[in-house]
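**Student:** coordinates only, sequence not included:
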């Protein structure tokens, strides 16, 4: 571990929240500029259904002592990757919608992959695009104005995509998308330069907000680092980018790489320990519980723990049916799901089987009687099921979204959509099997759904097929108990409102935030709060 000089970007008076954030090369707008609206806005309903009544859903609370609490620490909410949050979300009471474009080049959308909230209520976004630096942005959660920004390293896949005119190289690269907030509200992120950074956010004496790098750990001695640069977009040799980083329940920072390397960093000593999973790829994040770390590759699900010196050790490994192909709607040939932990006993992923994908639920213990596999439940229609998102896990249930058929924004243009479907399965009380509790027909092509544990609503991002060609996007609220859609509220029309794999995040005030292809959308109740 070694301190590095400060980076100060976009000092903005906290009192006025009015000045612009400075990106590395191009200034961001001083005011939040709304996303552009596509055609057909007046031809589709703005709201369907009825306002919902809150019905909390019971379950075991999640408390990783080294990560931020209240379901605000990571893309998937918490260290369990449960995709649940204790906050309320919108109930459909005269909902309001506002948005903010994060585009600095109209030809280069700036999508924000992860959103989290600091204790003071400000939002942190991790945004990126093809032709400019990925950037952390500090946001006013109501106005969506930029308060400060911090440049991150450009991903090697961006350089390679530009040199080869193959954008698929960039879109299939998940490195740098994930970060987490620790228990001191610090941002911990693994960048494209194979460093883990730890950043603070604070206000200066002059009332400006700024990011400051507190620590950095260099992983290049432990990873192949012949990576593309602007000067050399096609280098010889191996480049292994870091996919994700997260804290375990003992304070170690775990990380995984695209080419199947798993490591830990002791933040107190800087010691790095690694192990390898040869021939396996990790394109998703992972989860941690009091019993260890759960990591899914394109071949198997692992439970690991750290040896006394911090070296990752495998407790068990379970292979699954990875199918014969990478389905449309997936990054690689394997599970698209970050492992999701349920209560104290289960972990769930999906397989990649044909003709039907399955939700797989396993017992987490190191020593189990009979089979570790609790159930393998087929979901969605034969030949039309795939997912590239983690499950939502709460109570005794897991829900899964169908992403089959989504390869790019073109798949949802001209009124088209994907087959869709969201299914919830439930584990029986004896832990000996599962059943399908419900299946929703919602066409939600790619979003990371979120469950509000306070009101019992599962939030999805729907794009219904439209014979007239309107591309309308809706925040949908689904009853966690029954699978019935309580309401949909229109966020906008056109590609700028396509979330393109980004999550829904619930804010402290009960708003729902959707990262989109062009920026960020906020949906909030205007009455009945």
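**Tutor:** Arrived safely, thanks for sending. As the structure is a prediction and not an experimental result, all values here were calculated from the model. Numbering: from 1, shown residues only.
**Student:** contacts and neighbour counts: CA atoms only from here.
**Tutor:** Will do.
**Student:** If you average pLDDT per helix and strand, which one of this structure comes out bottom?
**Tutor:** When each helix and strand of the chain is scored by mean pLDDT, DSSP states H and E, helix 168-171 comes last, with a mean of 64.
**Student:** ok, residue 418 - contacts?
**Tutor:** For residue 418, the contact set (C-alpha atoms under 8 Å, 6 or more residues apart in numbering) comprises 403-406, 411-412, 443-445.
**Student:** Mind doing that once more with 7 Å?
**Tutor:** By C-alpha atoms under 7 Å, 6 or more residues apart in numbering, the contact list for residue 418 reads 404-406, 443, 445.
**Student:** Give me the below-cutoff pLDDT ranges for the stretch 51-200 of the chain.
**Tutor:** The model of the stretch 51-200 of the chain has pLDDT under 70 over residues 105-109, 129-132, 167-172.
**Student:** go with 90
**Tutor:** 102-111, 113, 128-134, 153-177, 191-192 (pLDDT under 90).
**Student:** Mind jotting down where the strands sit in it?
**Tutor:** Applying DSSP state E, counting those that start in this stretch to the stretch 51-200 of the chain gives strands spanning 84-85, 95-101, 111-117, 123-128, 135-139, 146-151, 179-181, 187-190, 195-203.
**Student:** ok, now the stretch 301-450 of the chain?
**Tutor:** Using DSSP E, counting those that start in this stretch, the strands of the stretch 301-450 of the chain run over residues 312-319, 340-342, 346-350, 357-363, 373-379, 392-394, 397-401, 422-427, 434-440, 450-452.
**Student:** Pull out the buried residues from the third one.
**Tutor:** Which is strand 346-350. 346-350 (16 or more other C-alpha atoms under 10 Å).
**Student:** Kindly report the same for the longest one.
**Tutor:** By neighbour count with 16+ other C-alpha under 10 Å, strand 312-319 contains the buried residues 312-314.
**Student:** Show residues contacting it.
**Tutor:** Residues lying outside strand 312-319 but in contact with it, judged by C-alpha under 7 Å, 6+ apart, are 262-263, 274-275, 299-307, 366.
**Student:** pLDDT, distance to residue 201 and neighbour count added to the contacts of residue 418, as TSV?
**Tutor:** Putting the contacts of residue 418 into TSV (pLDDT from 0 to 100; distance: C-alpha to C-alpha, whole Å; neighbours: other C-alpha atoms under 10 Å) gives the following:
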residue	pLDDT	distance to residue 201	neighbour count
404	98	39	23
405	97	40	22
406	96	36	25
443	98	38	22
445	97	34	31
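**Student:** Reformat these as TSV; add distance to residue 124.
**Tutor:** Written out in TSV, the entries for the contacts of residue 418 read as follows (distance: C-alpha to C-alpha, whole Å):
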residue	distance to residue 124
404	30
405	31
406	27
443	28
445	25
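**Student:** circling back: can you tell me which of the strands of the stretch 301-450 of the chain is nearest to residue 491?
**Tutor:** Across the strands of the stretch 301-450 of the chain, the minimum distance to residue 491, taken as C-alpha to C-alpha, is reached by strand 450-452, at 16.9 Å.
**Student:** so residue 476 sits in a strand?
**Tutor:** Yes: the assignment for residue 476, made by DSSP: H, G, I helix; E, B strand; the rest coil, places it in a strand.
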